[in-house]
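>>> Sequence and predicted structure below; questions after.
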Amino acid sequence: MIHKLYYPDLGLVNTTEMFQQAMDEGFAVPAYNFNNMEQLQAIIAGCVDTKSPVILQVSGSARQYAHPALLPHLAVGAVAMAEALGHPIPIALHLDHGSSFELCRDCIESGFSSVMIDGSHLPFKENTDLTRRVVDIAHDFDVTVEGELGVLAGIEDEVAAEQSHYTRPEEVEEFVGQTGVDSLAISIGTSHGAYKFKVKPGEEPPPLRFDILEAVARRVPGFPIVLHGASSVMPEYVSQINQYGGRMDDAVGIPESQLRQAAQSAVCKINIDSDGRLAMTAAIRKVLAQNPGEFDPRKYLGPARDALVEMVKYKNEKVLGSANRS
Ligand SMILES: [Zn+2]
């Protein structure tokens, strides 16, 4: 394989050391999804400010949105920005929900330091074989790989499933052993998107299945576990969106207390996408509602970026426990 771009040359790191530290110290590394410059600036500013390692995460469609040729250079810029802010932090560039061997290979060749191959919709044997193929090529280049067992409900970019099914702990040892993956996403009741659960007003969403997480951790002690669909769908953003002309009825996420509990366990990576989208959209709606004549993108993307910085700092400090770890 010929590398067009190789991640160590870009100043990026893979996830091995950050996950080891997260496991040893009982926190979770944040994986923030991004697809534009303002989101990236906010993630870096928030993580540098809180001295947190970070996984910059893009789905296949986000990579297309930004342009595959531009994207790795955004990550180079992120590394330079962290240095310029005076506190370099470990930064990984990760493919979220890689849908094929070819996409993963393409990302490995173009500067990604970590990839997810999502074969969770396949039968066990096919998921294992596909994941093994990706691991083989990735490990030749020290790129780390995340696999998935179990299916999350909800919709996120190109990933959609009506029904979740929980990870079967009895499959985990064999999957990890046969594939050689570096981390594993599991399904314990989290869900993609901003409408995670159908609950009546004032009702709590169903609790995460910590019994499954514990059973998994017992079978693969010390192995990094990943939670997808783990936004809390922060109510202040939803109500601000609704206040300024939006309409998001019944948006509900994972209670923060449960995410805190997960972060202290074998969960070493927590994915946050929807909360970042909500923070930016809430800020943009407010600016445009209050200033109908405004047409300079900096006047609404700037406040959106500021809102996202605050959200990142809050998550790192108060939910994931990743602040002051780098
Ligand atoms: Zn996901």
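Nice, thanks for sending it over.

>>> Please, where are all the helices along the stretch 1-150 of the chain?
Under the criterion DSSP state H, counting those that start in this stretch, helices of the stretch 1-150 of the chain are mapped to 16-25, 37-49, 60-66, 71-84, 101-109, 124-139.

>>> Just name the most buried of these.
Ranked by mean neighbour count, the helices of the stretch 1-150 of the chain are led by helix 37-49 with a mean of 22 (mean count of other CB atoms under 10 Å). For glycine as for every other residue, the C-beta is placed from the backbone atoms N, C-alpha and C.

>>> Packing partners of that one?
Helix 37-49 makes packing contacts with strand 29-33, strand 54-59, helix 71-84, helix 274-290, helix 297-314 when contacts are defined by 3 or more CB pairs under 8 Å, 6 or more residues apart in numbering; DSSP states H and E.

>>> same thing but 6 Å
Contact analysis of helix 37-49 by 3 or more CB pairs under 6 Å, 6 or more residues apart in numbering; DSSP states H and E lists helix 71-84, helix 297-314 as its packing neighbours.

>>> Any regions of the stretch 51-200 of the chain where pLDDT drops low?
156-160, 162 (pLDDT under 70).

>>> Can you give me the distance of residue 186 to residue 224?
In this structure, residue 186 lies at 11 Å from residue 224, with CB to CB, to the nearest Å as the measure.

>>> Compare the two and say which is more crowded by neighbours.
The neighbour count for residue 186 versus residue 224, taken as other CB atoms under 10 Å, is higher for residue 186 (27 against 24).

>>> got the contact list for the more buried one?
With contacts defined as CB atoms under 6 Å, 6 or more residues apart in numbering, the neighbours of residue 186 are 150, 167, 216, 225.

>>> Just the CA atoms of stretch 97-108, as CSV, please.
Output of stretch 97-108 as CSV, limited to C-alpha atoms (Å, rounded to 0.1, in the frame of the first residue of the first chain):
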residue,chain,number,x,y,z
HIS,A,97,-18.8,3.8,11.1
GLY,A,98,-16.6,2.6,8.2
SER,A,99,-19.0,0.8,6.0
SER,A,100,-16.5,-1.2,3.9
PHE,A,101,-12.9,-2.6,3.7
GLU,A,102,-12.3,-0.2,0.8
LEU,A,103,-13.3,2.9,2.7
CYS,A,104,-11.2,1.9,5.7
ARG,A,105,-8.2,1.4,3.4
ASP,A,106,-8.7,4.7,1.7
CYS,A,107,-8.8,6.4,5.1
ILE,A,108,-5.6,4.6,6.3
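
>>> can you list contacts of it?
59-60, 95, 115-118, 133-134, 137-138, 141, 143, 159.

>>> I'd like to know how many residues surround residue 36.
Residues lying near residue 36 (other CB under 10 Å) number 14.

>>> Quick check: the closest residue to it other than its chain neighbours vs residue 101, distance?
If you skip the residues right next to it in sequence, residue 36 has residue 66 as its closest partner in space, 6.8 Å away by CB to CB, 6 or more residues apart in numbering. Here residue 66 is placed at a distance of 22 Å from residue 101 (CB to CB).

>>> quick one: the strands in the stretch 101-250 of the chain?
Listed from the start of the chain, the stretch 101-250 of the chain has strands (DSSP state E, counting those that start in this stretch) covering 114-117, 144-149, 153-156, 159-161, 183-186, 191-192, 225-227.

>>> what's the most buried one of those?
Counting by mean count of other CB under 10 Å, strand 114-117 has the highest mean neighbour count of these, with a mean of 28.

>>> what helices or strands is it leaning on?
Contacts of strand 114-117 with other secondary structure elements, assessed using 3+ CB pairs under 6 Å, 6+ apart, are made with strand 91-98, helix 101-109, strand 144-149.

>>> Just put these in a markdown table and tack on distance to residue 301.
A markdown table is the format used below for the helices and strands packed on strand 114-117 (distance: least, CB to CB, whole Å):
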| stretch | distance to residue 301 |
| --- | --- |
| strand 91-98 | 22 |
| helix 101-109 | 27 |
| strand 144-149 | 31 |
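
>>> secondary structure element for the residue most central in space within the chain?
Centre of the chain computed as the mean C-alpha position; nearest residue by CA atoms, centre = their mean is residue 271, 2.8 Å away. Counting by DSSP states H and E, the secondary-structure element that holds residue 271 is strand 267-272.

>>> Pairing partners for that strand, with directions?
Using DSSP bridges, the strands paired with strand 267-272 are strand 29-33 (parallel), strand 225-227 (parallel).

>>> what about the residue lying farthest from the centre of the chain, is that helix, strand or coil?
Counting by CA atoms, centre = their mean, the extreme residue of the chain relative to its mean C-alpha position is residue 293, 35.6 Å from that point. Reducing the assignment at residue 293 to three states with DSSP: H, G, I helix; E, B strand; the rest coil gives coil.
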